[in-house]
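Participant: Sharing a sequence plus its predicted fold:
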Number of protein chains: 2
Amino acid sequence: MLHTIPERDDIIEVHKRISRYIHHTPILTSKAIDQIAGCEIKFKCENFQKIGAFKARGAVNATLSLTHKQRRNGIATHSSGNHAQAIAYAASICNINAYIVMPENAPQIKINAVRGYGARIFFCEPTLKARESTIEKVIEETSAYFVHPYNDYNVIAGQATASLEIYNQFPDLDYVITPVGGGGLLSGTVLSTQYFSPDTEVLAGEPTGADDAFQTLKKGVIVPSVNPDTIADGLLTSLGDKTYDIIKKKVTHIILVSDNEIIEAMRLIWERMKIIVEPSGAVPFAAILKEREMYSGKKIGIILSGGNIDLTKIYFK
Amino acid sequence: MLHTIPERDDIIEVHKRISRYIHHTPILTSKAIDQIAGCEIKFKCENFQKIGAFKARGAVNATLSLTHKQRRNGIATHSSGNHAQAIAYAASICNINAYIVMPENAPQIKINAVRGYGARIFFCEPTLKARESTIEKVIEETSAYFVHPYNDYNVIAGQATASLEIYNQFPDLDYVITPVGGGGLLSGTVLSTQYFSPDTEVLAGEPTGADDAFQTLKKGVIVPSVNPDTIADGLLTSLGDKTYDIIKKKVTHIILVSDNEIIEAMRLIWERMKIIVEPSGAVPFAAILKEREMYSGKKIGIILSGGNIDLTKIYFK
């Protein structure tokens, strides 16, 4: 179990540890997309990952890193999204209980997915306060181990393996870009880049309607995400102290994109590549399109972070 | 150029001829899908093919098979769908003109795609009669070579390469299943199966609202498709004499599926596999789900024929 910033060898070991339980996802390219963007893009398809998002990497590593005693009473978290499924999946492979606090307005499909892995769900009002008080109660009752969605070095090391796989295949990228919400994926990507591809620059894309990471980098203190308003429902959270500490050393440029820009990028990926990404997963491509002059002719790795989307919602006009 | 039913060696040669211009598409699997279907499915992803559908294979082969003299004045066809794009693409790689007759109500996205390959479009009223008279006029004016969408041995041999690729990777399938419209893909699949995997049984899926192939097999004469009514817009045409002649020797079972069953199958593929198939491409999986008892535990190859879909339409509720 990691209690300090993961080192180079830690990430290699984490990758070995989780490899039985996660997909080594493909990296796809598209001539049509490259033509539109004016650069050479390698899409790391974490939408094809277990549970449909990169979160499986961190949750599986965090869970496998627990001692027998720590995991004896199961694991718990609160999440309405991909982390809930990831924890439920991680518990299922370790054959332990999972307790998930979800807001009562969570989409049925996500509730079903969490239940599908055998997790027990506790519903609460859709406020952060209700979530926190409910998870506290659940942990008190069950003595389950709480796994944070991002502000945890074991989770961060797990997410770092996505870009490790990119660099193993493409060691000569000019840029790599991820979305940023709580910063788990971004901080993991910063570490892997530092260790395995130090000449690559790390960028992040963030929704204008949830620009707390942008504000945080600008002001130099963690700005909490207050009333975020964006369709990128995986990017509503604020940076944590552990993720911010890693991110601030290497990331100098966060590109803000509007919901319309996210939808347009998502549509291009669906239409041209015939693959499904969720709004949060389309944010980095939207960012590159927005600043296309700056990245003209460059080799860019984009992490398509997830593909879990409610298909009954209408996004395209 | 083939004037008789393609032989084993013809299909191998066709595969070599077109391989520079088409994608060797991946074959994907999904544990979640297998669990739902109760069998082991290999999805041949022709939705990732050039122009987003298997039609690129046949059109490229037919065009490359023309003599210099035959193709000198370009190639022509009428189509509102994937064959139009395939012919436009084939012409672009041979550096010749393409003339496409399209109904005036064709979706803008398909018009743009055809134009994107540099083809010239002639619009006509959305009736078969108007299409035929317009293509006649276009060919008279341009002396272009008419490439039929399916009733052509060169097209059939091209489509046969999709299942050839399946058998190269999976030589032990119990069944292979394709959608059936005009029968180009199905007849090509019959030939490849006969030559490369004779123990595999060939099935077809067809929409209930366009069940002319089902009726044709039942009555033993080609039943034309009259006023077809289905969302599977790639399967509206009738079998041709060449495709029927091949199909009737090997295909004994065509499974009919309703539009609701097609939508449900399509939704499962989008949701579980995070890839986009068009309604026509989801027909074979809908067929397997419908008769799942019959295929329990079997190894089945499914050709996901295409992924071109108007994303502004709402399919899921």
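Facilitator: That came through, no problem.
Participant: Quick check: mean pLDDT of whichever helix or strand A:Thr178 is part of?
Facilitator: Taking DSSP states H and E as the definition, A:Thr178 sits inside strand A:175-179. Mean pLDDT, computed over strand A:175-179, is 98.
Participant: what about whichever residue of the stretch 101-250 of chain A sits closest to chain B, which SS state?
Facilitator: Residue of the stretch 101-250 of chain A nearest chain B, by CB to the nearest CB: A:Ile109 (7.6 Å). Bear in mind the C-beta positions are built from the backbone N, C-alpha and C, glycine included. Per DSSP: H, G, I helix; E, B strand; the rest coil, the secondary structure class of A:Ile109 is helix.
Participant: helices or strands next to the strand holding A:Thr178 in the packing?
Facilitator: Here strand A:175-179 touches helix A:153-169, helix A:184-196, strand A:201-207, helix A:279-290, strand A:299-304, going by 3 or more CB pairs under 8 Å, 6 or more residues apart in numbering or on different chains; DSSP states H and E.
Participant: Tell me the predicted confidence for whichever residue of the stretch 1-150 of chain A sits closest to chain B.
Facilitator: As assessed by CB to the nearest CB, chain B sits closest to A:Asn47 within the stretch 1-150 of chain A, at 4.7 Å. According to the prediction, A:Asn47 has pLDDT 98.
Participant: returning to what we had before: quick one: the helices and strands packed on strand A:175-179 as JSON lines, columns for mean pLDDT too.
Facilitator: Below are the helices and strands packed on strand A:175-179 laid out as JSON lines (pLDDT from 0 to 100):
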{"stretch": "helix A:153-169", "mean pLDDT": "98"}
{"stretch": "helix A:184-196", "mean pLDDT": "98"}
{"stretch": "strand A:201-207", "mean pLDDT": "98"}
{"stretch": "helix A:279-290", "mean pLDDT": "98"}
{"stretch": "strand A:299-304", "mean pLDDT": "98"}
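Participant: Would you mind giving these as a markdown table with mean neighbour count and distance to chain B added?
Facilitator: Listed next are those as a markdown table, based on neighbours: other CB atoms under 10 Å in any protein chain shown; distance: least, CB to the nearest CB, whole Å:
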| stretch | mean neighbour count | distance to chain B |
| --- | --- | --- |
| helix A:153-169 | 26 | 16 |
| helix A:184-196 | 27 | 18 |
| strand A:201-207 | 25 | 20 |
| helix A:279-290 | 28 | 10 |
| strand A:299-304 | 27 | 9 |
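Participant: Let me have these in CSV, extended by distance to A:Ala32.
Facilitator: Formatted as CSV, these follow (distance: least, CB to CB, whole Å):
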stretch, distance to A:Ala32
helix A:153-169, 21
helix A:184-196, 26
strand A:201-207, 21
helix A:279-290, 13
strand A:299-304, 15
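Participant: Tabulate the CA atom coordinates of stretch A:14-29 in CSV.
Facilitator: Extracted in CSV, the C-alpha atoms of stretch A:14-29 (Å, rounded to 0.1, in the frame of the first residue of the first chain):
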residue,chain,number,x,y,z
VAL,A,14,0.8,-1.8,-10.0
HIS,A,15,0.4,-2.5,-13.7
LYS,A,16,1.5,-6.1,-13.2
ARG,A,17,-0.8,-6.5,-10.2
ILE,A,18,-3.9,-5.3,-11.9
SER,A,19,-3.3,-6.7,-15.4
ARG,A,20,-5.3,-9.9,-14.8
TYR,A,21,-8.4,-7.9,-13.9
ILE,A,22,-8.3,-5.0,-16.4
HIS,A,23,-8.3,-4.8,-20.2
HIS,A,24,-5.1,-3.7,-22.0
THR,A,25,-7.3,-1.3,-24.0
PRO,A,26,-6.6,-0.7,-27.7
ILE,A,27,-5.1,2.6,-29.0
LEU,A,28,-7.1,3.7,-32.1
THR,A,29,-6.4,6.2,-34.8
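Participant: how distant is it from the center of its chain?
Facilitator: Taking CA atoms, centre = their mean, to the nearest Å, one finds stretch A:14-29 lying 15 Å from the centre of the chain it belongs to.
Participant: got it, and stretch A:8-15?
Facilitator: 18 Å.
Participant: wouldn't the residue of the stretch 1-150 of chain A closest to chain B be in contact with A:Lys274 here?
Facilitator: No. If you go by CB atoms under 8 Å, A:Asn47 and A:Lys274 don't touch, sitting 11.9 Å apart.
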